[in-house]
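Q: Need coordinates for the below:
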Amino acid sequence: MPPAKTKYQMFSAVLLAGLGVYFLLSPLNLPLYNFLLFPRTDKKIRAIPADYLASMPGSGLEEVFFRNGEGLNLHGLLLRNPETKRVFLLSHGKGNNVYLELNHARFLYNFGSVFMYDYRGFGKSDGTASVAGTCTDALAAYDYLRKEGFRASDIVAFGQSFGTGVSAYLSKRRPVSAIVFQSGYSSLHSAGRRRLPWLALYPDWMFRYIDLDNDAVVQSNHPPLLAFHGSKDPEIPVEESIELCRRARPQVTLVLLPDGGHLAYGAKGEFHQAMAEFLK
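A: Next up, the predicted model:
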């Protein structure tokens, strides 16, 4: 039987090792969680299909570069619809780049111009991806649109998946006419806890540097919000949007898409119908 001193040393070693693992895996370890959030940022530069604009008569597609507040050079594509002054500022998910958004932009083109931009570290944009950085980049994209002559009352913040948090952040710091969420979440730490069970061990305050809190945005004064979510989304459970919209102020419309997956549009034109009604 080991002496009491040895038992104490063994206990202390195990305790210190446990505490070390606890803090190593904690949300305070920003490099780890930026890696988990952005394991890969798609850097493939895809060509724009030669016939891309053929189905959108009168449209134009511009490749643009602009700088954010930190001097990083960011890249975007502006799909112009000459029939309306409305423009969607599209904040994409964490595995995309603007070239992967071209088909999504077709859906939105029916209702306005579309500005697709890449966060730092994505596509042709400079820098390294981070949660705080994506928010700074969204403000720069908004400011670019304003310099291009788009009015605040014509800008709709459109967020996809991870980008819903970016759009919500933007809506609290710049005036927009409306917000649209596609496969959204109540907060990053809520969605994370559903997928990474060990995160339940950590208090909410530890997430403050890596969180995007849509809940807090929609429970305060906010522009009208339209949320779409597929009922069989394997990436972000539909319960995230249901809970978010249940706690939101009255200016919210939730559209559940039966059998829809991640970033679904609906098999029966639900997206188009709900968007047309919402934008009236």
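Q: residue boundaries of the strands in the protein?
A: For the chain, applying DSSP state E gives strands covering 60-67, 73-80, 87-91, 113-117, 155-160, 178-182, 225-230, 252-257.
Q: For those, give me TSV that also has mean neighbour count.
A: All C-beta spots, glycine's among them, are computed from the backbone N, C-alpha and C. What follows is the strands of the chain, written out as TSV (neighbours: other CB atoms under 10 Å):
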stretch	mean neighbour count
strand 60-67	14
strand 73-80	21
strand 87-91	26
strand 113-117	27
strand 155-160	27
strand 178-182	26
strand 225-230	25
strand 252-257	19
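Q: Can you report how many residues neighbour Leu199?
A: 19 (other CB atoms under 10 Å).
Q: Identify the residue nearest it in space, chain neighbours excluded?
A: Of all residues not flanking Leu199 in the chain, Arg193 sits nearest, at 4.5 Å (CB to CB, 6 or more residues apart in numbering).
Q: what's the burial count for that neighbour?
A: 16.
Q: give me every residue that touches Ala276.
A: The neighbourhood of Ala276, defined by CB atoms under 8 Å, 6 or more residues apart in numbering, consists of Phe111.
Q: swap in Ser177?
A: Arg86, Ala152, Ser153, Asp154, Ile155, Val156, Pro223, Pro224.
Q: Now it, what are its backbone angles?
A: Backbone geometry at Ser177, expressed as degrees, to the nearest 10, gives phi -80, psi -30.
Q: Look at it and report its pLDDT.
A: For Ser177, the model assigns a pLDDT of 97.
Q: likewise the one 4 residues further on?
A: In the prediction, the pLDDT value recorded for Phe181 is 97.
Q: What is the neighbour count of the closest residue in space to Leu254 that isn't next to it in sequence?
A: Closest residue to Leu254 apart from its sequence neighbours, by CB to CB, 6+ apart: Cys245 at 4.1 Å. The criterion is other CB under 10 Å. On that basis, Cys245 has 21 neighbouring residues.
Q: repeat for Ala50
A: By the measure other CB under 10 Å, the count of residues near Ala50 is 7.
Q: Then Ala129?
A: Other residues near Ala129 number 21, with proximity taken as other CB under 10 Å.
Q: Could you pull up phi and psi at the residue nearest to Ala140 when sequence neighbours are not counted?
A: Nearest non-adjacent residue to Ala140, counting by CB to CB, 6+ apart: Asn68, 3.6 Å away. Taking degrees, to the nearest 10, you get phi -90, psi -180 for the backbone angles of Asn68.
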